[in-house]
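A.B. asks: quick one, what's the 3D model for this:
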Amino acid sequence: MTRCARDGCGHRSPAFLVAYGAFGVSIDQRWYCSTRCVEITVRDRLAKLPPVEPAWIQSWLPIKLGTLLTRQVGLSSDSIAQALDLQRRSGVPFGQTLKSLGLVTPEDLLKALATQAGVRYLTSVDPDVVAHQPGGLSHHTVRTLGIVPVAADRKRHELQVACTAPIPGHAVRALSRLTKWVVEPLLVSDESLPHLVNVYTSAGAQLPALRGSVCDVDTGAATVARIARSLRKVRMQHERCDPYVWVRLESHGSSADVLMTMALAGR
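C.D. replies: Got it, this is the predicted structure:
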């Protein structure tokens, strides 16, 4: 007889039924008798998550954007002063203000932002490649975190993701830890990212349980339980990705992602 892995349950089932996946759910090679026990276990795991570590910390103070553009395109001090004055009155980010005034080109700004962040940038992306959904992220994960996989090298376990400034460091780090791949963020313009998101999310089918938006921990735990039950045997990983918890379920080469808000985690 095999006993349910949830503390305090005590339910047992014949070992041969468990071995053949005829009853219950197996997560990380531990058997649970019901989706209810899985839900409770998931909530308990998430409640024990340690505080999130700082992500994408540079070892130097970033150079001011105006200073970079002065060096790269010869932006004058008068132009910088004009843009700063307009920014204070409008609230529009400094770089976007410079662009709206015609003082820099979109590529000038993108190059400077990439230099400031210490990453590479892309002025164009092949939509056909993005439409094949490299990385296999769920639609709502891409839309919520603002990272769009644009290239994957399976042999080297390397993944490139498009994003806008500032770099979403928590999301990049969480993706790297969940996949065990090297993830390189590449800056794209604010205008091009929504198009890439639409291309990525318009292709391919999604599990019905993952078609919704980000959920709270209780709903998320129930979603994880439903997916695990449908797959029978899964491996579960989870990473804090403030303000979210990112849970990934893997089974037989496929994966499913569930994002939950942090509001109830750690209660």
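A.B. asks: what's the spacing between Ala114 and Arg143?
C.D. replies: 23 Å (Cβ to Cβ, to the nearest Å). Yep, even glycine has a C-beta here, placed from its N, CA and C like the rest.
A.B. asks: quick one: the helices in the stretch 101-250 of the chain?
C.D. replies: For the stretch 101-250 of the chain, the helices defined by DSSP state H, counting those that start in this stretch cover 106-117, 127-131, 139-145, 169-179, 192-201, 217-231.
A.B. asks: ok, which of those helices comes nearest Phe23?
C.D. replies: helix 217-231 (10.7 Å; Cβ to Cβ).
A.B. asks: what residues sit buried inside that closest one?
C.D. replies: Of the residues in helix 217-231, 217, 219-228, 231 count as buried by neighbour count, 16 or more other Cβ atoms under 10 Å.
A.B. asks: from the contact counts, what lies against that helix?
C.D. replies: strand 25-27, helix 35-47, strand 233-241, strand 244-251, strand 254-261 (3 or more Cβ pairs under 8 Å, 6 or more residues apart in numbering; DSSP states H and E).
A.B. asks: how many other residues sit next to the closest residue to Thr141 other than its chain neighbours?
C.D. replies: Leaving aside its sequence neighbours, Thr141 sits nearest to Asp257 (Cβ to Cβ, 6 or more residues apart in numbering; 4.7 Å). By other Cβ atoms under 10 Å, 22 other residues sit near Asp257.
A.B. asks: surely Asp257 is in contact with Glu250?
C.D. replies: No: using Cβ atoms under 8 Å, Asp257 is not in contact with Glu250, being 10.1 Å away.
A.B. asks: pLDDT of the host helix or strand of Ala81, averaged?
C.D. replies: Per DSSP states H and E: Ala81 is located in helix 77-90. For helix 77-90, mean pLDDT rounds to 92.
A.B. asks: ok, and what's touching the helix or strand that that helix is followed by?
C.D. replies: Downstream of helix 77-90, the next assigned helix or strand under DSSP H and E is helix 94-100. By Cβ atoms under 8 Å, 6 or more residues apart in numbering, the residues outside helix 94-100 that reach it are 65-66, 69, 75, 79, 83-84, 86-87, 90, 92, 104-106, 109, 112-113, 165, 190.
A.B. asks: many thanks, have a good one.
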